[in-house]
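>>> This is a predicted model, with the sequence first.
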Amino acid sequence: MRKIKKRITIEAIEITDYAAQGKAIARHEGKVIFTEGAIPGDIVDLVLTKNKKDYAEARVLKLLEPSKDRQNPFCKHFGVCGGCKWQMLPYNKQLQFKQQEAEQNLLRIGKITNAIMLPIVGADEQRFYRNKLEFTFSNKRYLTNDEIGNTEIISEQNSLGYHAPRVFDKTINIFECFLMDDVNNKLRNTIREIAEQNNFSFYDIRLHTGWLRNLIIRYTTTGELMVNLCINYEDIENTKIVLDKLLEKVPEITTLLFTINPKWNDTIYDLTPQVYFGKGFVKEKLENFEFIISPKSFFQTNTKQAEKLYSITRDFAQLTGSEIVYDLYCGTGSIGIFVSPMAKKIIGVELIEDAIEDAKKNAANNKIEHAQFFAGDVIKICNNEFFETHGRPDVVITDPPRAGMHDKLVTKLLEIAAPVIVYVSCNTATMARDILLLSEKYTVEKTQPVDMFPQTHHIECVARMVLKNN
Ligand SMILES: C[S@@+](CC[C@H](N)C(=O)[O-])C[C@H]1O[C@@H](n2cnc3c(N)ncnc32)[C@H](O)[C@@H]1O
């Protein structure tokens with residue numbers, strides 16, 4: 001028999017603290033309640049979304065008294081869109097909570113002692129900072145609570161925007177997004193208009209029907225704009241209509257691609273984007289280095305902060321010019337190339353072949369002859385033979401995805417025992433987990449968070465680790 005769950009609400013409770021991952025804490029009858037959508041100082045009505053023996057999770061039903069720290073969010077989609085959940089927090093508070101989370105993860109999970117925890121490096125630009133955005137077409141529009149009561153508005157409408165949090169089959173129709181230059185709004189709203197005028201169908205994620213699927217935009221500080229339109233199936237005639245119209249209406253586009261994605265998932269890594277117009281990539285600049293970015297390559301999404309992140313990484317590596325440096329999870333080779341003037345040799349390893357092709361071109365274009373890049377899984381590539389061939393590392397720079405390093409790589413790094421590891425991370429919890437594993441042989445000397453994602457709770461962090469008794 002199906003169990004009927006009782007809805008539990010708690011009225012007029014005060015939010016007392018900040019918790020990890022953008023949540024805040026309330027305490028009720030001895031239980032900690034991790035709450036979404038609130039900040040310390042708020043008095044709220046809550047509804048529990050999870051209720052365990054020693055903790056609960058909740059979301060705000062009603063904000064009764066706002067915290068004195070609250071500010072007015074600047075985006076009309078705030079509260080519905082999951083993109084910039086911290087717009088109600090002044091920037092100095094955002095930085096304070098990020099510093100706190102990074103330190104607590106490093107202390108509690110990483111069990112680091114005696115490390116210097118440098119203060120977070122904030123961003124000068126807290127809006128329009130992203131160079132990449134991805135939007136999803138859906139034949140079901142997400143309705144807000146206010147709209148649900150209005151019988152004239154139906155959800156069976158096309159929309160183009162972001163997924164609502166925890167709603168995989170509907171998107172919010174986004175008209176204005178402050179994460180990238182205004183050109184993103186022009187592009188997205190124009191393509192929606194073209195689609196509507198031509199009756200092009202939008203994707204239905206449950207049924208796997210509909211033509212238009214995703215819109216991926218990259219806009220670099222060099223003024224180049226790459227647009228990749230992902231469609232469910234080939235339709236030469238309509239592809240030409242939509243792409244020609246887009247080029248006419250958005251002359252800022254420097255390269256235009258389309259990708260046929262007949263799969264059930266949205267990832268394009270196993271697909272071939274086809275160039276319709278332009279050179280098929282964009283160029284980005286960090287200090288005096290130029291980087292080619294192809295549609296499938298990873299590149300740091302906040303260019304200005306990436307410069308700061310990389311210069312901290314370079315400082316933490318303390319290179320003298322005589323070191324063999326391994327750049328693991330190297331993407332387009334950007335960190336390795338950035339530090340290369342201070343190194344004897346750079347060896348980069350990255351899973352995505354296109355990114356490695358970019359890395360090789362990037363090294364050549366920047367006239368760097370002492371860097372080599374290899375495509376493949378780090379745990380397969382980084383074996384004894386590889387280290388023997390290319391030389392034992394003096395410094396390993398590792399910049400894994402959110403999941404952190406594979407434990408086999410951690411084991412290999414312990415075996416190789418490079419004198420210095422510089423760990424760059426976009427997830428301080430997994431970084432701290434790996435640091436604990438590495439603590440068998442390494443001590444953390446210093447750490448420094450960098451804010452790559454203002455208005456969100458996400459934190460980037462760099463740590464310098466040195467071999468014990470070295
Ligand atoms: C956080 S990004 C860092 C990229 C680069 N260091 C930068 O700053 O632009 C992580 C990179 O790891 C790559 N990656 C993920 N899993 C991998 C694996 N198992 N082996 C090698 N590279 C991997 C991703 O494709 C991505 O380019």
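Yep, that arrived. Being a predicted model, the structure only gives us computed values, none of them experimental.
>>> so what's Ile25 bridging to?
Asp17, Phe34 (DSSP bridges).
>>> helix, strand or coil for the residue of the stretch 301-450 of the chain found nearest the ligand?
Proximity of the stretch 301-450 of the chain to the ligand (CB to the nearest ligand atom) peaks at Gly331, 3.0 Å away. (C-beta placed from N, C-alpha, C; glycine too.) Gly331 carries the three-state label coil when classified by DSSP: H, G, I helix; E, B strand; the rest coil.
>>> wait, doesn't it sit right on Phe298?
Yes: using CB atoms under 8 Å, Gly331 is in contact with Phe298, at 4.3 Å.
>>> picking that back up, what's the distance between the residue of the stretch 301-450 of the chain closest to the ligand and Ser294?
Between Gly331 and Ser294 the computed distance is 11 Å (CB to CB, to the nearest Å).
>>> what sits in contact with each of those two?
The contact sets of Gly331 and Ser294 overlap at Ala355 (CB atoms under 8 Å, 6 or more residues apart in numbering).
>>> Among the two, which residue is more densely surrounded?
More neighbours surround Gly331 than the other of Gly331 and Ser294, with 23 against 20 (other CB atoms under 10 Å).
>>> can you tell me which residues contact the more buried one?
Going by CB under 8 Å, 6+ apart, Gly331 touches Ser297, Phe298, Phe299, Glu350, Ile352, Ala355, Ala359, Asp399.
>>> How about Val227?
Contact partners of Val227, counting by CB under 8 Å, 6+ apart, are Leu187, Leu215, Ile216, Ile217, Leu246, Val250, Ile253, Thr255, Leu256, Leu257.
>>> that older thread, take the contacts of Gly331 and keep only those in helices.
Judged by DSSP state H, the subset of the contacts of Gly331 located in helices is Ala355, Ala359.
>>> and the contacts of Gly331 as CSV, adding pLDDT and distance to Pro419?
Below are those laid out as CSV (pLDDT from 0 to 100; distance: CB to CB, whole Å):
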residue, pLDDT, distance to Pro419
Ser297, 90, 30
Phe298, 90, 28
Phe299, 94, 29
Glu350, 97, 23
Ile352, 93, 29
Ala355, 92, 28
Ala359, 96, 25
Asp399, 98, 19
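>>> top of the contacts of Gly331 by neighbour count?
Compared across the contacts of Gly331, Ala359 has the highest neighbour count, 31 neighbours, by other CB under 10 Å.
>>> Tell me how many other residues crowd the closest residue to that one other than its chain neighbours.
Nearest residue to Ala359, sequence neighbours excluded (CB to CB, 6 or more residues apart in numbering): Gly333, at 3.0 Å. Neighbour count for Gly333, taken as other CB under 10 Å: 30.
>>> Go ahead and confirm Gly333 touches Phe373.
Yes: counting by CB under 8 Å, Gly333 touches Phe373, with 5.5 Å between them.
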